[in-house]
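[1] I would like to see how this sequence folds:
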Amino acid sequence: QVQVVESGGNLVQPGGSLRLSCAASGSILSINVIDWHRQAPGKQRELVATITSDDMPQYADSVKGRFTISRDNARNTGYLQMASLKPEDTAVYYCAFAYVDSRYPYRQSDAWGQGTQVTVSS
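    Below is the predicted model:
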């Protein structure tokens, strides 16, 4: 079984910064892709950023130039560095791992974190 634990959400003023972390543990052979998603009240969940196993990042247009996704393969951890935060960035942020489970090495598995609240307000 794989567990995903997120941390780093907080209340921050507009223009501020936060760093979210997401650590996976359990029967992980390798991690292919790490995603960060967010869901604001009354809105659909949206993909914010993705990083592949060869460290290629992609970003939603709404966060490009302000957010940076990264990963530490040795620690099975993903990060989302957020800068120049805006009130519209307020949401619950979720990370997701696409990984190879050592118990099922011939297919890709997915695991999600529980979410961490980011609130941008003065």
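[2] the strands in the protein, which residues?
    2-7, 11-12, 18-26, 28-39, 46-51, 57-59, 67-72, 77-82, 91-101, 104-112, 116-120 (DSSP state E).
[3] is it possible to export these to JSON lines including mean pLDDT and mean neighbour count?
    For the C-beta atoms, the positions are set from N, CA and C on the backbone; glycine is no exception. What follows is the strands of the chain, written out as JSON lines (pLDDT from 0 to 100; neighbours: other C-beta atoms under 10 Å):
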{"stretch": "strand 2-7", "mean pLDDT": "93", "mean neighbour count": "16"}
{"stretch": "strand 11-12", "mean pLDDT": "98", "mean neighbour count": "15"}
{"stretch": "strand 18-26", "mean pLDDT": "96", "mean neighbour count": "19"}
{"stretch": "strand 28-39", "mean pLDDT": "95", "mean neighbour count": "19"}
{"stretch": "strand 46-51", "mean pLDDT": "98", "mean neighbour count": "19"}
{"stretch": "strand 57-59", "mean pLDDT": "97", "mean neighbour count": "15"}
{"stretch": "strand 67-72", "mean pLDDT": "97", "mean neighbour count": "18"}
{"stretch": "strand 77-82", "mean pLDDT": "98", "mean neighbour count": "22"}
{"stretch": "strand 91-101", "mean pLDDT": "96", "mean neighbour count": "21"}
{"stretch": "strand 104-112", "mean pLDDT": "92", "mean neighbour count": "12"}
{"stretch": "strand 116-120", "mean pLDDT": "98", "mean neighbour count": "18"}
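[4] isn't Ala23 right up against Thr77?
    Yes: between Ala23 and Thr77 there is a contact under C-beta atoms under 8 Å: 4.6 Å.
[5] So for these two, which residues contact both of them?
    The overlap between the contact sets of Ala23 and Thr77 (C-beta atoms under 8 Å, 6 or more residues apart in numbering) is empty.
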